[in-house]
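A.B. asks: model the following, please.
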Amino acid sequence: MQGGTSASKTVSILLYLIALAQSDKRPTLTSVVSESFPHLKRGVMRDFIAIMEGHGYFDPKLWNKTDYVYTFETGSKIEFFSADQPGKVRGPRRDRLFLNEANNIPHETFDQLEVRTKDLIFLDWNPTNEFWYYETVQNRPDCEHLVLTYKDNEALVQSIIDSIEQRRDRKGWWRVYGEGQLG
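C.D. replies: This next block holds a predicted model:
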């Protein structure tokens, strides 16, 4: 999922993964991975907790603060970890994977995670420049490529829309963050 700023890439993927975990007929494991722990905590993990709390789903007893794993009533789990150490991505298997800001994660890390994932893989990124996805993944028959912009985010407040649109004259910025196109 390539896209510009405020396009709801991360939140949309999380909403879908939460819905899957809540309706699983058998327990599954979903890994949400980002480049570093601080990035994970300030971004996708914060969004996950906000979504869960905002919908009245969050139960603090089901959130393991030590291991950063949420266990749903179905037995399914969503775990959060960083890709900053190669040993973290070798060995463990999962059903689903979400690579947040995939352009900041090395290709070798993706390879190690992909071969250990059974069902689905989501990637999201702002297309600031080409990276391994464009050469090795984009044209695969098992890949669907979506491009989103702030206009796809129905929940975006007008002040953010105005802030984004006032940058139309900055061609490089606008191409990536306004139009969601490769910079």
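A.B. asks: now do the helices in the protein.
C.D. replies: Under the criterion DSSP state H, the chain contains helices at 9-23, 37-42, 44-54, 107-114, 132-136, 158-165, 171-173.
A.B. asks: Leu97 is nearest to which of these?
C.D. replies: Comparison of those against Leu97 by CB to CB identifies helix 107-114 as nearest, at 5.7 Å. For every residue, glycine as well, the C-beta is placed using N, CA and C.
A.B. asks: list the buried ones in that closest one?
C.D. replies: Within helix 107-114, the residues that count as buried by 16 or more other CB atoms under 10 Å are Thr109, Phe110, Gln112, Leu113.
A.B. asks: just flag the most distant two among these.
C.D. replies: Farthest apart among these by CB to CB are Phe110 and Gln112. That separation is 7.4 Å.
A.B. asks: quick check: the gap between the residue nearest to Gln181 when sequence neighbours are not counted and Ala19.
C.D. replies: Here the nearest residue to Gln181 in space, its sequence neighbours aside, is Arg175; by CB to CB, 6 or more residues apart in numbering that works out to 5.0 Å. Relative to Ala19, Arg175 is positioned 33 Å away (CB to CB, to the nearest Å).
A.B. asks: more crowded one of those two?
C.D. replies: Using other CB atoms under 10 Å, the more surrounded residue of Arg175 and Ala19 is Arg175, with 16 against 10.
A.B. asks: what residues are up against that one?
C.D. replies: By CB atoms under 8 Å, 6 or more residues apart in numbering, the contact list for Arg175 reads Gln181, Leu182, Gly183.
A.B. asks: same question for Ile51.
C.D. replies: Taking CB under 8 Å, 6+ apart, we find Ile51 in contact with Val11, Leu14, Leu15, Ile18, Tyr57.
A.B. asks: is it true that the first one touches Asp47?
C.D. replies: In other words, Val11. Yes. The pair Val11 / Asp47 is scored as a contact, 5.6 Å apart, by CB atoms under 8 Å.
A.B. asks: next one: phi and psi at Asn100?
C.D. replies: phi -80, psi 130 (degrees, to the nearest 10).
A.B. asks: give me the pLDDT for it.
C.D. replies: What the model reports for Asn100 is a pLDDT of 98.
A.B. asks: cool, Asp84 as well?
C.D. replies: Reported pLDDT for Asp84: 86.
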